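Engineer: this is a predicted model, with the sequence first.
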Amino acid sequence: MTNIDFMGKRKYFYILSILVMVIGLVSYIIQGFNYDIDFTGGTVLEINLHKVPSASEIAELERLTKQITGTQTPIVRKIEDGRKIMINAHEVHGKKRTELSKETRDKLFNAIAKKYNLKKEDLISYQNVGAVVSSELKSQAVWAVIIASILMLIYIAIRFEFKFGTTAVIALLHDLLIMLTVYTLFKIPLNSTFIAAMLTVLGYSINDTIVVFDRIRENRRIQSKMDLKDLVNLSMNQTIGRSLSTAATVVIVLFVLYLMGVQSIKEFALPLLIGVTSGTYSSIFIATALWFDWESSTRKKLQTKPKRV
Amino acid sequence: MQSKSITKFLIGCLVIAFAFYIVFFGLNIGTASIPSVKDVIRYGLDLKGGVYIVYEAAKENPTKREMESALQLIRTRLDMRNFYDATATLQGAKRIRVEIPGVKDPDEAIQYIGRTALIEFKGPSGDLIVSGRNVVDAYAQQTPSGYVVALKFDKEGTKKFAEGTRKYLGQNIGIYLDGKLISNPVVRAEIDNGEAIIEGMKDLEEAKTLAQQIKAGALPFALNVIESRAIGPSLGNEALKTTIKAGIIGIVLVFLFMIIFYRLPGFIADIALVAYIVILVAIVGYAKITLTLPGIAGIILSAGMAVDANILIFARMKEELRAGKTLKAAMDAGFRRALNAVIDANVTTIIAGIVLLFLGTGPIKGFAWTLTIGIVVSFFTAITVTRFLLVSIINTGLFKDIRWYGGKKTREVQA
């Protein structure tokens, strides 16, 4: 069995996590999120160009989109093998953003089709999303996270104890913040798939944390006289192999999906990869460490209390 | 004892292999037949291509009955256009989601279904006399004086229309579709029997179109298109192929991982994983759960998580073996002591899945379904199938060396 003093090094991991989150916050303030059409409303066109466009060609396509649709900041990006592109655009009516009308859409596609000599079926797909749907999606996502977190907290509080539940949920929110950091930092489009990924990570991350907590719960019964720090370290050393094994099997699957998948699957696999990695890290270094600090501070309080005779 | 255990183990494997064959290839014995999952599975639009449109009622709180009549109307129209594969479902309190496979252009489809427009009858000064909600029926007719559209109002409409025609005798009553004037007949007589005729149609075609428009307006409210997506059939096909390929590669890698790290128990877990995939695919296929792209991801992901329960158990078992227990005792202890963690870990993931099921829409719902079912099934197979096979193989007495169970040095352990 490995013998690592996890608890002795917990401060470094607190600092690391806080650092990443601060970077995320700064990035969010500076450049915000790259909300995809699911969140902003508008139209997404997927076009098969049959060739990989150069950076200047992408810029040219963006100019063209801006000119035809009036979108202030249209987004054109390469997808899959690079031969296909996705165009994100909308029309502005007064203060409202709307999807492209059929005329505008046809105009845009025809202009691109002429340039690249495309056929009608090279417009692989397009999606129109209204602003109502988008704003609902955002609030749905937030609610889903809140409700799921509360339910998990209640479940763990019943099966374990309140402190375990709270620290597990804090570790969860930590993972979500890390995911969001990666999203704002690398300007990855945020869309409805992200919501599904986020909740999956919630499920996975807590799953991982519980295995460690379960060991602490059990060791506490068996070795009731052991020093708390040693007990936690023992539990972590006992479970680390399993944590890494599980993370490995899930990461293997996700990695293959990411490498081979079509665009919508890639968009799903990426946040999961980040989340699963963060979830494994946080269950080892954040959830358990936080629980340890909390538990030892309450124990100290109990010990320093003057005993009544 | 030994040969009996071998038989048990082989029968277990055969049952799984047989189930695998039936699910993926179907079965025909005489008149009885089980279709293969390929033939019955219901693919989402993202996998077969098509169009989906979400309509929303332009009314604050439509009643359930109003929504259902709107839904019925849309269904009738889909049938009228021979979109027999299309589905229309209520989504939430005021939305209708229409899915039409195989159609490329949502605009075309929206035209086909027809904008479910609001019909209004207004007086010369623009005051509302009666709206489409009071129209029971509208149909084209040929009369000696030419083509007409005959209207039938309900009780309330009859009364209102009688009042209107009395008031505007000799004047025009405009018929508006979505605020646009489509006909402006002159009132010749007071109409109090709830049956009106609009004259002056050029031909039967025009009369039919107008009748249809008015019938569409027989809704208590207008429906707005708030979301529409079109997925090309080639994209869907490609997506399905690559995702399944990726899934197979991913799962094969997990297979190898389990055998390398957990040896014999890992191999048993792999057989249990096959059982898991068979059961899950069978449920999704035969229970007609719509399989979407994220849904496949959910299956593959829960397969990755499915081995987790086994990993927990085997890790425990390894510890017990190191502590010097016999194989059987180590296995029992492994299952018993890992059970708490397995239950707790699975329940929390199911909580996330169920929340997603209630709050998610469309493809996300597909993902939530496969994930939730996947976790329940994986819990079942990890506990029962793995255990049954492991007990049988240990009882054969063929695998006594601790190295079969991931130990480092050769050492015999007692069964």
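Structural biologist: Okay, I see it.

Engineer: kindly report the residues of the stretch 151-300 of chain B close to chain A.
Structural biologist: B:225-232, B:234-235, B:238-239, B:242-243, B:245-247, B:249-251, B:253-254, B:257-258, B:261, B:293-294, B:297, B:300 (C-beta under 8 Å from any C-beta of the partner chain). Yep, even glycine has a C-beta here, placed from its N, CA and C like the rest.

Engineer: please narrow those residues to those residing in helices.
Structural biologist: B:234-235, B:238-239, B:242-243, B:245-247, B:249-251, B:253-254, B:257-258, B:261, B:293-294, B:297, B:300 (DSSP state H).

Engineer: give me the distance between A:A148 and chain B.
Structural biologist: 4 Å (C-beta to the nearest C-beta, to the nearest Å).

Engineer: give me the element that residue is part of.
Structural biologist: helix A:131-159 (DSSP states H and E).

Engineer: now for that helix, which elements pack on it?
Structural biologist: Identification of packing neighbours for helix A:131-159 by 3 or more C-beta pairs under 8 Å, 6 or more residues apart in numbering or on different chains; DSSP states H and E yields helix A:37-40, strand A:96-98, helix A:162-185, helix A:192-222, strand B:223-231, helix B:327-359.

Engineer: okay, now the unreliable bits of the stretch 1-150 of chain A?
Structural biologist: For the stretch 1-150 of chain A, residues meeting the criterion pLDDT under 70 lie at A:1-2.

Engineer: switch to 90 and redo it
Structural biologist: When residues are selected by pLDDT under 90, those of the stretch 1-150 of chain A lie in A:1-6, A:8-9, A:31-46, A:49-51, A:54-59, A:62, A:65-106, A:115-116, A:118-145.

Engineer: with the stretch 1-150 of chain B instead?
Structural biologist: B:1-6, B:8, B:24-150.

Engineer: can you list the residues of it near chain A?
Structural biologist: B:46, B:54, B:56, B:106-107.

Engineer: those: which two are farthest apart?
Structural biologist: B:D46 and B:E56 (21.8 Å; C-beta to C-beta).

Engineer: these two - which one has more neighbours?
Structural biologist: B:D46 (27 against 21; other C-beta atoms under 10 Å in any protein chain shown).

Engineer: do I have it right that that one meets B:I231?
Structural biologist: Yes: between B:D46 and B:I231 there is a contact under C-beta atoms under 8 Å: 5.7 Å.

Engineer: re the thing from before, relative to chain A, which of the residues of the stretch 1-150 of chain B next to chain A is nearest.
Structural biologist: B:D107 (4.7 Å; C-beta to the nearest C-beta).

Engineer: what sits against residue 199?
Structural biologist: Assuming you mean chain A. A:L199 makes contact with A:144-145, A:148, B:352-353, B:355-356 under the criterion C-beta atoms under 8 Å, 6 or more residues apart in numbering or on different chains.

Engineer: try again with chain B
Structural biologist: B:145-146, B:148, B:185.

Engineer: do you know how far it is from chain A?
Structural biologist: 35 Å.

Engineer: thinking B:V342 is in contact with B:I313, fair?
Structural biologist: Yes: taking C-beta under 8 Å as the definition, B:V342 is a contact partner of B:I313 at 7.5 Å.

Engineer: before we move on, back to that, got a quick ChimeraX command for the buried subset of the ones in helices among the residues of the stretch 151-300 of chain B next to chain A?
Structural biologist: The following ChimeraX line selects those of those that are buried, judged by 16 or more other C-beta atoms under 10 Å in any protein chain shown:
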select /B:235,239,242,243,246,247,249,250,251,253,254,257,258,261,293,294,297,300
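
Engineer: on that earlier part again, what would the residues of the stretch 1-150 of chain B next to chain A look like in JSON lines with secondary structure and distance to B:K208?
Structural biologist: What follows is the residues of the stretch 1-150 of chain B next to chain A, written out as JSON lines (DSSP: H, G, I helix; E, B strand; the rest coil; distance: C-beta to C-beta, whole Å):
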{"residue": "B:D46", "secondary structure": "helix", "distance to B:K208": "37"}
{"residue": "B:V54", "secondary structure": "strand", "distance to B:K208": "29"}
{"residue": "B:E56", "secondary structure": "strand", "distance to B:K208": "28"}
{"residue": "B:P106", "secondary structure": "helix", "distance to B:K208": "25"}
{"residue": "B:D107", "secondary structure": "helix", "distance to B:K208": "23"}
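
Engineer: out of those, who's nearest B:E319?
Structural biologist: For these, the nearest to B:E319 is B:D46 (44.8 Å; C-beta to C-beta).

Engineer: could you find the closest non-adjacent residue to that closest one?
Structural biologist: Once flanking residues are discounted, B:D46 sits nearest to B:L293: 4.7 Å by C-beta to C-beta, 6 or more residues apart in numbering or on different chains.
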